[in-house]
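> model the structure of this input:
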Amino acid sequence: MKKNIAIIMGGYSSEYKISLKSGNVVYDYLNKDKFNLYRIHIFKDKWVYVDEQNNETPVDRNDFSIPLNGTSIFFDCVFNAIHGSPGEDGLMQAYFELLGIKHTSCGFYQAALTFNKRDLLSVLRPYGIKAAPSYYLNLGDEINETEIIDKVKLPCFVKANKSGSSFGITKVYKEEALKNAIEIAYKEDDEIIIESFLNGTEVSVGVLKLNGETTVLPITEIVSENDFFDYQAKYEGRSQEITPARINPEQLEKVTNAAKRIYDVLKMTGFSRSEFIFIGNEPFLLEMNTTPGLTTESILPQQAKEFGIELGMLFEYAIVETLS
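Next up is the predicted model:
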């Protein structure tokens, strides 16, 4: 009997348009002969099932079912394609775990931890995972520019702590530009991380479970036409994404081991994509995404293709792994 699969997309953050694109790619590429697929849009003001004619049916949030044709549809598995809150910060994961519904993403603790850049780097530091020197601010804190620059130097990056797709991030070259960058970041989050600029090769490393084994996909080198890998570079073609990355054997071994160690230490499940910058041969972790982009142009699907996994099978593996 075909399994009922809900594909959740949308979300509450600035990334909702990207999530809708990812979710629709999952819907288009999954094998409809094997699965009954239902697109579910999750927004602050509504949770709805969207059919082929774009008709909307409200989701019953008490049990995550949808009323169709005089009956209720329940789901064997939820495919999570929400970038940002509530799909990447642990809220949906906790909801599904309370309801006993299986889902393709990681657990709620892992999602909340990895979504918080500051906490993630702090937890991983004792395991030998390197990161850039950083300075933390919360909304309302006094801003001491001299103290910040003394800690992280210039140039530096000012980032929203809990945000993705490079929303709320600014590269700062001069001390007088720092306050404006902080204000931009506060528009996305009430917590900020300010990091030293690391001048080196940037790579993205996809990891997933295949047949129960932690598997590191071919690594992608990021070469941005812009000043850094910002929104335009990620989504508007202003970068080169080279898979496999042009890195030496020592770099390859070290970043592969680091990505696998992070995945296993955190007891991850589902897809993840971690970003690193090399200083010499040493990889420094920038962040980890647990609901990475899943469009045909996205990095993780590129890596899977290089590994020999086509898009439909990549999504199917996630469901099979979850249901096994």
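> what segments of this protein are helices?
Along the chain, the stretches classed as helices by DSSP state H are 16-29, 91-99, 108-115, 117-124, 145-152, 178-186, 231-235, 249-265, 299-307, 311-323.
> quick check: closest non-adjacent residue to the most centrally placed residue in the chain.
Geometric centre of the chain, nearest residue: Asn289, 2.7 Å, by CA atoms, centre = their mean. Nearest residue to Asn289, sequence neighbours excluded (CB to CB, 6 or more residues apart in numbering): Arg273, at 4.7 Å. For the C-beta atoms, the positions are set from N, CA and C on the backbone; glycine is no exception.
> and that neighbour, how far from Val205?
Separation of Arg273 from Val205 (CB to CB, to the nearest Å) stands at 7 Å.
> between those two, which has more neighbouring residues?
It is Val205, of Arg273 and Val205, that has more neighbours when counted by other CB atoms under 10 Å, with 28 against 23.
> ok, the residue lying closest to the more buried one once chain neighbours are set aside - contacts?
Sequence neighbours aside, Ala259 is the residue nearest to Val205 in space, at 4.1 Å (criterion: CB to CB, 6+ apart). When contacts are counted by CB atoms under 8 Å, 6 or more residues apart in numbering, Ala259 touches 205, 207, 216, 274, 276.
> the first one against Pro218, yeah?
No. In this structure, Val205 sits apart from Pro218 without contact. The criterion is CB atoms under 8 Å, and the distance is 9.2 Å.
> the residue nearest to the centre of the chain contacts Met268, correct?
No. Between Asn289 and Met268 there is no contact under CB under 8 Å: 11.5 Å.
> return the helix or strand in this protein with minimum mean pLDDT.
Ranked by mean pLDDT, DSSP states H and E, the helix or strand of the chain with the weakest confidence is helix 231-235, at a mean of 47.
> bridged to Cys156, which residues?
Judged by DSSP bridges, the bridge partners of Cys156 are Val172, Ser196.
> burial measure for it, as a count.
By the criterion of other CB under 10 Å, Cys156 has 25 neighbours.
> one more: Ser72?
Neighbours of Ser72 (other CB under 10 Å): 10.
> and it, how far is that from Ala258?
To Ala258, Ser72 is 45 Å away according to CB to CB.
> same question, Cys106
When Cys106 is compared with Ala258 (using CB to CB), they lie 18 Å apart.
> tell me the spacing between Asn211 and Ile5.
20 Å.
> these two: which is more packed in?
Ile5 (25 against 9).
> run through the bridge partners of that one.
Beta-bridge pairing for Ile5 (DSSP bridges): Leu37, Cys77.
> what's the domain layout of the chain?
By the record's domain assignment, the chain is partitioned as 3-104, 112-129+199-323, 133-196 (automatic domain parsing).
> measure the second one end to end?
Terminal residues of domain 112-129+199-323 are spaced 23 Å apart (CA to CA, to the nearest Å).
> starting at the chain centroid, how far to it?
Relative to its chain's centre, domain 112-129+199-323 lies at 9 Å (CA atoms, centre = their mean, to the nearest Å).
> cheers, nothing more for now.
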